[in-house]
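Undergrad: got a structure for you, letters missing:
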C-alpha cells in the first residue's frame, strides 16, 4: 500500500525544476506585458471614449461624464499597473515587508501634505 512511498517518507527529496531566468527577468517581462495593455487602454481613455459610448446608445450626459472620469483615471491605472508588478516582485524575492513600510510612511505623510 502506502508504506513504500519514498516522497511521503522524505519530502525533502522532492526536486523542483530550476529556472535559468532570474526574478528580475520575469519582473521586466511582467512590466512589459502590463504596459503593453495599460498604455493603449489609457491612451484611448485620454483621447476619449464618448464616441464608443454613444455608439452603444448611452445617454450623452452619462457618456460625457464617463469620458471625463476615464481621462482623470488613466494615469492612475498606469501607476497601479507599476505598483502591482513591483509588489509582486518584492514578494517573490522575499521582501514583502517593504510594502508595509511604504504604506506606513505614506499614511504618516498623507495628512500633513493634504
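TA: Nice, I can see it. Values in this document were obtained by computation on a predicted structure and should not be read as measured data.

Undergrad: Nearest residue to the middle of this protein?
TA: Nearest residue to the geometric centre of the chain (C-alpha atoms, centre = their mean): residue 84, 3.1 Å.

Undergrad: Report the separation between that one and residue 91.
TA: Counting by C-beta to C-beta, to the nearest Å, the separation of residue 84 from residue 91 is 11 Å. C-beta: built from backbone N, CA, C; applies to glycine.

Undergrad: Grab the nearest non-local neighbour of the residue nearest to the centre of the chain.
TA: Excluding the flanking residues, the one nearest residue 84 by C-beta to C-beta, 6 or more residues apart in numbering is residue 34, at 7.4 Å.

Undergrad: and the one you found, how many neighbours?
TA: By the measure other C-beta atoms under 10 Å, the count of residues near residue 34 is 16.

Undergrad: Output the below-cut-off pLDDT ranges for this protein.
TA: The model of the chain has pLDDT under 70 over residues 1-21.

Undergrad: roughly how far is the helix or strand containing residue 75 from the heart of the chain?
TA: For residue 75, the host element (DSSP states H and E) is helix 60-92. Taking C-alpha atoms, centre = their mean, to the nearest Å, the mean C-alpha location of helix 60-92 is offset from the chain mean by 10 Å.

Undergrad: What's the first helix or strand after that helix?
TA: For helix 60-92, the succeeding helix or strand toward the C-terminus, using DSSP H and E, is helix 97-113.
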